[in-house]
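**Student:** model this:
(one chain, ligands or ions: 1)
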Amino acid sequence: VEDKIDSLPHSEPGKTLIVYFSWSGHTQTVANIIHELIGCDMVEIEPEEPYSDEYNEVVDRFKNERDNHILPALRTKVENMDDYDTLIIGSPIWGGLLSSPVKSFLSGYDLSGKKILPFCTHGGSGTAQSVDNIRKLCPHAEILLFMAVKLQTLGMK
Ligand SMILES: Cc1cc2nc3c(=O)[nH]c(=O)nc-3n(C[C@H](O)[C@H](O)[C@H](O)COP(=O)(O)O)c2cc1C
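**Tutor:** Below is the predicted model:
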């Protein structure tokens, strides 16, 4: 049997990167769980100008970014993006959309041909338009599967 398996054509296992943004920690919790399970590289998306700790201020900033198509500048850069063929991308849902920093991140790279597995955390709206947002930002990537985690299932309110 082993001989047969050896003679099968097989591709090199590709490298996977978890990329996530998290304002209040839920998406980070899920990212950490996935990271523990599969043990690949992981990077947190950090905006150059951090979001306020005040919920209302985050909502105002998000609305301004959404309405004026602002992509916030990021501190986070992945220099070796070519090394990865699969990205697991995590975002909170903001106003039914992908959060602004994740939009910024995705628009900063050519992710053509990469496999993308998005996940989001949300307060009830599910993936909403976030997967469509990813499709638009990465038209030549292959979206394999996505996952929505309702924050109550994380024991959070
Ligand atoms: C600016 C803002 C907008 C949000 N909009 C939505 C929404 O449209 N639908 C939803 O289900 N949850 C919404 N939420 C809740 C977050 O998606 C939810 O708390 C998420 O788990 C936060 O992830 P984080 O802790 O990683 O930042 C919003 C939260 C914020 C701060």
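**Student:** where along this protein do the strands fall?
**Tutor:** Using DSSP state E, the strands of the chain run over residues 15-20, 41-44, 84-94, 97-98, 115-122, 142-143, 147-150.
**Student:** Show me what the third one pairs with in its sheet, parallel or antiparallel.
**Tutor:** Read that as strand 84-94. strand 15-20 (parallel), strand 97-98 (antiparallel), strand 115-122 (parallel) (DSSP bridges).
**Student:** What residues does this structure have near the ligand?
**Tutor:** 22-28, 58-59, 62, 92-96, 121-125, 151 (C-beta under 6 Å from any ligand atom). (C-beta placed from N, C-alpha, C; glycine too.)
**Student:** redo that, cut-off 8 Å
**Tutor:** 20-30, 55, 58-59, 62-63, 90-97, 99, 120-126, 128, 149-151, 154, 156 (C-beta under 8 Å from any ligand atom).
**Student:** ChimeraX command for the buried members of those residues?
**Tutor:** Buried residues among these (16 or more other C-beta atoms under 10 Å), as a ChimeraX selection:
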select :20,21,22,23,26,27,28,29,30,58,62,90,91,92,93,94,97,99,120,121,122,128,149,151
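**Student:** Quick check: pLDDT value at the residue positioned nearest the centre of the chain.
**Tutor:** With distances taken as C-alpha atoms, centre = their mean, Ile89 lies nearest the centre of the chain, 2.2 Å away. pLDDT, Ile89: 97.
**Student:** so what's it bridging to?
**Tutor:** Assessed by DSSP bridges, Ile89 has beta-bridge partners Val19, Pro118.
**Student:** My guess is it contacts Val102. True?
**Tutor:** Yes: Ile89 is within contact range of Val102, at 6.6 Å (criterion: C-beta atoms under 8 Å).
**Student:** Residues contacting stretch 83-91, please?
**Tutor:** When contacts are defined by C-beta atoms under 8 Å, 6 or more residues apart in numbering, stretch 83-91 is touched by residues 14-22, 27, 30-31, 34, 40-41, 78, 98-99, 102, 106, 111, 113-121, 130, 134, 141.
**Student:** Drop anything exposed from the residues you listed.
**Tutor:** Buried members of these, scored by 16+ other C-beta under 10 Å, are 16-22, 27, 30-31, 34, 78, 98-99, 102, 106, 111, 114-121, 130, 134, 141.
**Student:** Any stretches of this structure with poor pLDDT?
**Tutor:** Scanning the chain for pLDDT under 70 picks out 1-13, 156-157.
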